[in-house]
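> I'll drop the sequence and a predicted model, then ask my questions.
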Amino acid sequence: MAVKKAAESFSKALAEEVQRWGAMKPTGVSLRYMMEFGARPTEKNLLISAQFLHKELPIRIARRAIELESLPFGLSVKPAVLKVRDWYVDSFRDLRSFPEIKDTSDELAFTEMIKMIKVRHNNVVPAMALGVQQLKKDLNLKAVPTDLEEIHEFLDRFYMSRIGIRMLIGQHVGLHDPDPAPGCIGLINTRMSPMLVAQVASEDARSMCLREYGSAPEVNIYGDPSFTFPYVPPHLHLMVFELVKNSLRAVQERFMDSDKVAPPIRIIVADGIEDVTIKISDEGGGIPRSGLPKIFTYLYSTAKNPLDENYGGVDEGVTMAGYGYGLPISRLYARYFGGDLQIISMEGYGTDAYLHLSRLGDSQEPLP
């Protein structure tokens, strides 16, 4: 009995500590701050950064762990969601049991630990998607009722917070790179060419389309290849990849049995004073107006679902179409640094996606 008691009191103490930290207020940072702070990754700056994360990460992680406990419709007790909650609690425990960071060797040990935390959370998105799917099956949803709005809002907060946690960890770890690429400060490239990123992302999406359908429409990109601005290239890659992938799929399926040549997808990169805007246009037939509000929800996908019960470890963005998370998550990535994503459709013709990226870099992280 005594053994069980000890475990129980430990978990109760841990639960109380999660509650205590979850009640604290997180601190948002801006792209500009990350850039200026990381421009000189001296030992002193790395120490300050680690001390900040030592206090900041447990707050953010505790807040999500608490939310995972109290989701509507019994989503919290779905096996996949319990697994995610355990990852969050384990990471919270690792951070809280790490002693105060006083010198460089503490800082290096801390950096190794947060690297492990980032890996532990790699499959959070597919695991949550699986949980939501288990729920949909239980509720036997043909149409998604509006009272699932609560789950949708939770997932927006949850994934936005995850982007922030991964950005902070990735940025700190990135500052340790002994040989950073020119213009790179951690994850931020101060001279990122949106044209170049769009090119690579389009090629990646086309090769996926080729694998899946045996052919792929062309992608034409218009803009100034020499134009650069500070941004996080993997974030932009993920968003453009997702949008181009959707366009390729729509065009491919619309022209599959046609004797016409599939029209190309057009990407235009415009450089404004406040925003850099990337427009992705296709002639894939568009989305009916009644379907537009659904494209940013997590409970809707027109494609067959790649997630099944024996979920192995799907990493983000591996299948051509999937659990319907590409668009809502891309919009969160855009909003994370003060941008946005809009989709305009002409049913019977095609779709235009407008990806707005704030080029001022001043907006604070939107903290859920």
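Arrived safely, thanks for sending. Residues are numbered from 1 along each chain as shown.
> all strands for the stretch 51-200 of the chain, in order.
Applying DSSP state E, counting those that start in this stretch to the stretch 51-200 of the chain gives strands spanning 184-185, 188-192.
> Need those strands in CSV (columns: mean pLDDT).
As requested, these are arranged in CSV below (pLDDT from 0 to 100):
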stretch, mean pLDDT
strand 184-185, 93
strand 188-192, 94
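> Which of those sits closest to Leu243?
strand 188-192 (17.5 Å; Cβ to Cβ). Heads up, the C-betas are built off the backbone N, CA and C, glycines and all.
> for that closest one, packing partners?
Counting contacts by 3 or more Cβ pairs under 8 Å, 6 or more residues apart in numbering; DSSP states H and E, strand 188-192 packs against helix 31-38, strand 229-231, helix 233-255.
> repeat that for 6 Å
Applying 3 or more Cβ pairs under 6 Å, 6 or more residues apart in numbering; DSSP states H and E, one finds that strand 188-192 makes contact with strand 229-231.
> re the thing from before, of the strands of the stretch 51-200 of the chain, which is nearest Val29?
Closest among these, using Cβ to Cβ: strand 188-192, at 11.7 Å.
> What strands line up against that closest one, and which way round?
Strand 188-192 has the following strand partners under DSSP bridges: strand 184-185 (antiparallel), strand 229-231 (antiparallel).
> just these: most buried one?
strand 229-231 (a mean of 20; mean count of other Cβ atoms under 10 Å).
> follow-up on the earlier one: could you dump the strands paired with strand 188-192 into TSV with distance to Val77 added?
Listed next are those as TSV, based on distance: least, Cβ to Cβ, whole Å:
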stretch	distance to Val77
strand 184-185	43
strand 229-231	40
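> Pipe the strands of the stretch 51-200 of the chain into JSON lines and attach distance to Val276 per row.
Converted to JSON lines, the strands of the stretch 51-200 of the chain look like this (distance: least, Cβ to Cβ, whole Å):
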{"stretch": "strand 184-185", "distance to Val276": "18"}
{"stretch": "strand 188-192", "distance to Val276": "10"}
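> And the contacts of the helix or strand encompassing Leu327?
In the assignment (DSSP states H and E), Leu327 maps to helix 326-336. Helix 326-336 is contacted from outside by Tyr159, Met160, Ile163, His235, Met239, Glu242, Ile295, Phe296, Tyr298, Asp340, Leu341, using Cβ atoms under 6 Å, 6 or more residues apart in numbering.
> and if we set it to 7 Å?
156, 159-160, 163-164, 235, 238-239, 242-243, 246, 295-298, 340-341, 355-357, 365-366 (Cβ atoms under 7 Å, 6 or more residues apart in numbering).
> Give the buried residues for that helix.
Judged by neighbour count using 16 or more other Cβ atoms under 10 Å, the buried positions of helix 326-336 are Gly326, Leu327, Pro328, Ile329, Ser330, Arg331, Leu332, Tyr333, Ala334, Arg335, Tyr336.
> cool, stretch 111-119 as well?
Thr111, Ile114, Ile117.
> for the strands of the stretch 51-200 of the chain, which one sits closest to Ser290?
Of the strands of the stretch 51-200 of the chain, nearest to Ser290 by Cβ to Cβ is strand 188-192, at 37.5 Å.
> The closest one vs helix 31-38, what angle?
110 degrees (axes from the mean of the first three to the mean of the last three Cα atoms, to 10 degrees).
> Contacts for strand 188-192, please.
By Cβ under 7 Å, 6+ apart, strand 188-192 touches Leu31, Met34, Met35, Gly183, Thr228, Phe229, Pro230, Tyr231, Val232, Pro233.
> Tell me the confidence at the fifth one?
Reported pLDDT at Thr228 in the predicted model: 95.
> what's the burial count for the residue lying closest to it once chain neighbours are set aside?
Of all residues not flanking Thr228 in the chain, Arg191 sits nearest, at 4.1 Å (Cβ to Cβ, 6 or more residues apart in numbering). By the measure other Cβ atoms under 10 Å, the count of residues near Arg191 is 13.
> Would you quantify the distance from Arg191 to Gly74?
To Gly74, Arg191 is 49 Å away according to Cβ to Cβ, to the nearest Å.
> next one: Glu43
For Glu43, the distance to Gly74 equals 49 Å [Cβ to Cβ].
> Would you map the strands across the stretch 201-350 of the chain?
219-222, 229-231, 265-271, 275-282, 340-346, 350-358.
> Give me the mean pLDDT for stretch 94-110.
96.
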